[in-house]
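# got a predicted structure here, sequence first:
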Number of protein chains: 2
Amino acid sequence: MATRIGIVGLGQIALKRHVPTILADAHFTLAGLADLGGGEPVAGLPILTDHQAMFAACALDAVAICTPPAARFAIARDALRAGKHVLLEKPPAATMGEAEALVELAARCGRVLYASWHSQCNRAVEAARLFLADKQIARLRVDWHEDFRIYHPDQAWIWQADGLGVFDMAINALSVISRICAPPPFVRSAELRIAANHAAPLATTIRFGALDSTGPLELHANWGHVGPDHRELHIRTRCGHEVALLDSGGTLVIDGNVTVQETRAEYPMLYTRFAELVLSGQSEADLTPLQMTLDALALGKRITLPSFEG
Amino acid sequence: MATRIGIVGLGQIALKRHVPTILADAHFTLAGLADLGGGEPVAGLPILTDHQAMFAACALDAVAICTPPAARFAIARDALRAGKHVLLEKPPAATMGEAEALVELAARCGRVLYASWHSQCNRAVEAARLFLADKQIARLRVDWHEDFRIYHPDQAWIWQADGLGVFDMAINALSVISRICAPPPFVRSAELRIAANHAAPLATTIRFGALDSTGPLELHANWGHVGPDHRELHIRTRCGHEVALLDSGGTLVIDGNVTVQETRAEYPMLYTRFAELVLSGQSEADLTPLQMTLDALALGKRITLPSFEG
């Protein structure tokens, strides 16, 4: 029997990814929609303006929460208390404290919490994880550069202090690092380059440490990038292998040989995972990418850039 | 047999608290000193300028690390790898990732890691914890105000991005909250008031959430305070009790009755706890106060104050 799922927060990611994925996945039936801004029906369903009203009006087993991060905690809390399984878009909450409280609440309520990371849902990422599982990392270099103006025109919430700025997309790279490195490296220092008209950074550099590595471990991310996306991760292992994840985690190259190359199908894989979790009653919450983000935002050295209009 | 202990970082807190406490505690023998700045001997011991040189020159079982927070990780890592038990002054590291890595490394090395919080080491705090253990919290109001110019003249590192600013002292209040509330509340939002000539905040307001409370849960901390210290915590329980910790955790008042009142003896109690941990081989690392601090610093709304000279 299909899981009846509602969506809260009908922004770009919900409309472009969640709605079509749910409609195409036999494990799920789209059964409710809520967004503070209301709007015309989507997929034949009216958009309610209040998530509690959606819980009351629609027979739901689960909820996908796709609002900006600062709003997620209260909605997820209400959903769990209403007996719904919860899928959280990334990042799972605004603070680590909120995220851990949701894990605790899901356990108390006997419901599944899935803190999802769409960039982890790639065959190439999974293959990289398996290849690296028994190896130590000597060097790590991540470049994650996008043109904000292409992906998020007019999404002003991103540049507020609790909108995370460049980390809204760099956290995808952090989620890949968290998935393929065991144990993941940890933030030692960071630079935050912040446009004069923003509270959250436009670009960042993070320097990591790791107990089993002395080499440079760095992430460079820039949302002011002009040109094609450039989202790559390069690792050298201590035993001499070169591992590269190209095309935002779609292609795995090991020692110069293309091992996996495929059109990314992140959201179908993500919902397949959610269906597995609901079936088994298990929660899954990798909070490391959020912790890395907050460590960097908390301690990073702030550098002011000229104003950025996006 | 006494534990031979060295100290790294001979600033104010080491000279005023750690050295005299160790000299007065029969569980410990002060056996080595290191500080990047060198200096005249203390308690008859020369001050080496390098912690690795201290490990090589002095027969040590343990090390107390009292440097600014950004330096602690590398020194603690080296100490654990050199086979020493480690006592960390608060906060235990600059990032949550560093702190968790030290917990992991201590376990690998079979050595004790004690992430100490001196404000937790008060009889009144322990009595408050026991009183609140079976009660839910309806309201929490913490005021933690000090005059920076009295306690830390000329300590410019505090105002750097990784120096934590007001959180260097407010984290003491957070450590009390973490100790007496089970489970502790979590950060939902914060304001950071930052002097124009500083990178780290001079004052902060934190608003917490809690799974079992809907009332206001707030901390107000100000290092630009003028006048006597004002360090108080007030709790109303859901069953109607009023609990106050006054005098920086030295006095407990329950429903208007003074339950515990004593001259604080935080560092003797702290070293007694470290001796117990070394004897039993157990580590103790409450990372919640650091997590609260980093959550607030990462997501807090930044407000610029006039320049502050301290």
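Right, received. Where do you want to start?

# what sits against the residue most central in space within chain A?
The centre of chain A sits closest to A:K90, judged by C-alpha atoms, centre = their mean, with a distance of 3.3 Å. A:K90 is in contact with A:A115, A:S116, A:W117, A:H118, A:I171, A:N172, A:S175, A:P289, counting by C-beta atoms under 8 Å, 6 or more residues apart in numbering or on different chains. From N, CA and C alone the C-beta is placed, and that goes for glycine too.

# so which bits of chain A are right by chain B?
A:70, A:73, A:77, A:94-98, A:100-101, A:104-105, A:108, A:161-162, A:183, A:185-189, A:199, A:208-211, A:291-295, A:297-302 (C-beta under 8 Å from any C-beta of the partner chain).

# may I see the PyMOL selection of the buried members of these?
Per 16 or more other C-beta atoms under 10 Å in any protein chain shown, the buried members of those correspond to this PyMOL selection:
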select buried, chain A and resi 70+73+77+94+95+96+97+98+100+101+105+161+162+185+186+187+188+189+208+209+210+211+291+292+293+294+295+297+298+299+300
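
# among the residues of chain A next to chain B, which ones are in helices?
A:70, A:73, A:77, A:96-98, A:100-101, A:104-105, A:108, A:291-295, A:297-299 (DSSP state H).

# quick one, helices of the stretch 51-200 of chain A?
For the stretch 51-200 of chain A, the helices defined by DSSP state H, counting those that start in this stretch cover A:51-57, A:69-81, A:96-109, A:123-132, A:148-151, A:167-180.

# now could you export just the CA positions of the shortest one as PDB?
In PDB, the C-alpha atoms belonging to helix A:148-151 read as follows (Å, rounded to 0.1, in the frame of the first residue of the first chain):
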ATOM      1  CA  PHE A 148      23.600  31.700  -8.100                       C
ATOM      2  CA  ARG A 149      21.800  33.800 -10.700                       C
ATOM      3  CA  ILE A 150      21.000  30.800 -12.800                       C
ATOM      4  CA  TYR A 151      19.600  28.600 -10.000                       C
END
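
# hey, what's the single nearest residue of the stretch 151-300 of chain A relative to chain B bridged with?
Residue nearest to chain B within the stretch 151-300 of chain A (C-beta to the nearest C-beta): A:F186, separated by 2.5 Å. Taking DSSP bridges as the rule, A:F186 bridges to A:G209.

# pull the distance from stretch A:189-196 to the chain's centre.
21 Å (C-alpha atoms, centre = their mean, to the nearest Å).

# cool, and stretch A:110-128?
The answer for stretch A:110-128 is 9 Å, by C-alpha atoms, centre = their mean.

# who does A:L87 bridge with?
A:A64, A:Y114.

# how many neighbours does it have?
27 (other C-beta atoms under 10 Å in any protein chain shown).

# roughly how far apart are A:L80 and A:T214?
43 Å (C-beta to C-beta, to the nearest Å).

# and A:G256, what does it touch?
A:E242.

# please apply the same query to A:P69.
A:P91, A:A93, A:A94, A:D162, A:G163, A:L164.

# neighbours around the last one, how many?
Here the count is done by other C-beta under 10 Å, and A:L164 has 27 residues near it.

# likewise A:E309?
Counted with other C-beta under 10 Å, A:E309 comes out at 6.
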